[in-house]
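In: Attaching a predicted model along with its sequence, questions to come.
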Amino acid sequence: MIVTVASGKGGTGKTTVAVNLAVIAPEGSVEVFDCDVEEPNAHLFIKPENIVTKEISTMIPDVDMNLCTLCGECEKICRFSAITMIAKKIMVFPEMCHSCKGCSMVCPAGAIKEGSRVLGSLLTGQSSRGFNLTWGELRVGEAMSPPLIKQVKNKIDKGIGKLFIVDAPPGTSCPAVVTLRDADFALLVAEETPFGLNDLALTVEGLKKLGVPMGIVLNRADMENGIIDDYAVRENIEILQRIPFSREAAKVCAKGHFLVDELPEIKALFQDIYLKIINNLNSIQKSDKGGQ
Ligand code: SF4
Ligand code: SF4
């Protein structure tokens, strides 16, 4: 099953939670996928070996002006204004193209061929802890991350019966939605600040629309102002754990080490989060079977 670790804003400790959960899980039971392709950093903690890299491209239209009749059909169908007619020439704006192939399908003259544009890289490596990490690295300057995120997720093989821990991009825009939409459970990492609450609420609204069950982990939870607790009660979302702020934890993370290796009190918290996630997934499976 897929557990996606998400947050409405960056810097909440989402990747820290994802990688430490992977380490605390029984050996051989998990795989990790870093879909934060604009800024992947799970590999900095996991330090995978035997890395295999594949270049990922996407389709863009390549117009043959010798065949083009300037009928304008391609411009009409493109919802993204990525292809347009200017001064009797067809111009393509690759950065705006969503690779839907609509323009080539409607071109009556067969003037649009499939060109390609490099999006970034898909990488897979093995952790010394007995699991694989798959991640994407978006090309610098590239804005279109969802196709690369889909390539990372395509590597999830649900048939092997493991727990797939997915590190989502922060926010609630397209990259986060593409990552979260087929999660079995979303683990929301949040902070007890007004900004943290605002961004958490946006993510919760999105997850409700996607129909993804969720739980909250409060990180650096030492303010005890209750704003997330009150919200969680109102929304009927379980707070699975509170990870207190600690200078020691910050130092361990800064060194690229796992919290669960070096701080026994935090290891216990992660063991508890892991068990609660498994319990939630078991309940979801039971209710799915009951509904069939
Ligand atoms: S492939 Fe789709 S998005 Fe790209 S230019 Fe053609 S119609 Fe527009
Ligand atoms: S649809 Fe084809 S023929 Fe018509 S303007 Fe576009 S490229 Fe030219």
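Out: Great, that's in hand. Ligands and ions are numbered 1, 2, ... in the order given.
In: thought residue 99 was touching residue 56?
Out: No - with contact defined as CB atoms under 8 Å, residue 99 does not count as touching residue 56 (11.7 Å). In this view, the C-beta of every residue, glycine as well, is placed from N, C-alpha and C.
In: any shared contact partners between these two?
Out: Here residue 99 and residue 56 share the contacting residues residue 147, scored by CB atoms under 8 Å, 6 or more residues apart in numbering.
In: Without its sequence neighbours, what residue ends up closest to the residue in the stretch 151-292 of the chain that ligand 1 sits nearest to?
Out: Closest contact between the stretch 151-292 of the chain and ligand 1, by CB to the nearest ligand atom, is at residue 174 (14.0 Å). Nearest residue to residue 174, sequence neighbours excluded (CB to CB, 6 or more residues apart in numbering): residue 146, at 5.4 Å.
In: and the one you found, what are its phi and psi?
Out: The phi/psi pair for residue 146 (degrees, to the nearest 10) reads phi -50, psi -40.
In: Look at it and say how many residues are nearby.
Out: Residues near residue 146, counting by other CB atoms under 10 Å, number 21.
In: any idea how far it is from residue 219?
Out: Distance of residue 146 to residue 219, computed by CB to CB, to the nearest Å: 27 Å.
In: and the residue nearest the centre of the chain, what does it touch?
Out: Nearest to the geometric centre of the chain sits residue 168, at 2.5 Å (CA atoms, centre = their mean). By CB under 8 Å, 6+ apart, the residues touching residue 168 are 4-7, 14, 35-36, 176, 179-180.
In: ok, and for the lengthiest helix in the chain, which residues are buried?
Out: The residue-count maximum for a helix in the chain (DSSP state H) belongs to helix 264-291. Buried positions in helix 264-291, judged by neighbour count with 16 or more other CB atoms under 10 Å: 266-267, 269-270, 273-274, 276-278, 280-281.
In: try stretch 151-171
Out: 151-153, 156, 162-171.
In: contacts with ligand 1 among those, please.
Out: Among those, not one lies near ligand 1 by CB under 6 Å from any ligand atom.
In: State the pair within those residues that is farthest apart.
Out: Greatest spatial distance among the buried residues of stretch 151-171 (CB to CB): 162 and 171, at 27.2 Å.
In: Next, give me the two most distant ones among the buried residues of helix 264-291.
Out: The widest separation within the buried residues of helix 264-291 (CB to CB) is 22.6 Å, between 266 and 281.
In: what about residue 26, neighbour count?
Out: By other CB under 10 Å, neighbour count at residue 26 equals 9.
In: residue contacts, residue 59?
Out: Contacts of residue 59 by CB under 8 Å, 6+ apart are 97, 99, 101, 114-116.
In: Look up phi and psi at residue 137.
Out: According to degrees, to the nearest 10, residue 137 has phi -130, psi 110.
In: Quick check: it vs residue 175, distance?
Out: 14 Å.
In: between the two, what contacts are shared?
Out: residue 37.
In: Give me the secondary structure label for residue 53.
Out: For residue 53, the assignment made with DSSP: H, G, I helix; E, B strand; the rest coil gives strand.
In: you'd agree it is up against residue 134?
Out: No - applying CB under 8 Å, one finds residue 53 not in contact with residue 134, separated by 11.2 Å.
In: Between these two, which contacts overlap?
Out: 122-123.
In: what does the stretch 1-150 of the chain put close to ligand 1?
Out: By the rule CB under 6 Å from any ligand atom, the part of the stretch 1-150 of the chain lying against ligand 1 is 61, 77-78, 80, 82-83, 97-103.
In: out of those, what pair is the most spread apart?
Out: 77 and 99 (13.7 Å).
In: the more surrounded of the two?
Out: With neighbours defined as other CB under 10 Å, residue 77 and residue 99 compare such that residue 99 has more, 19 against 15.
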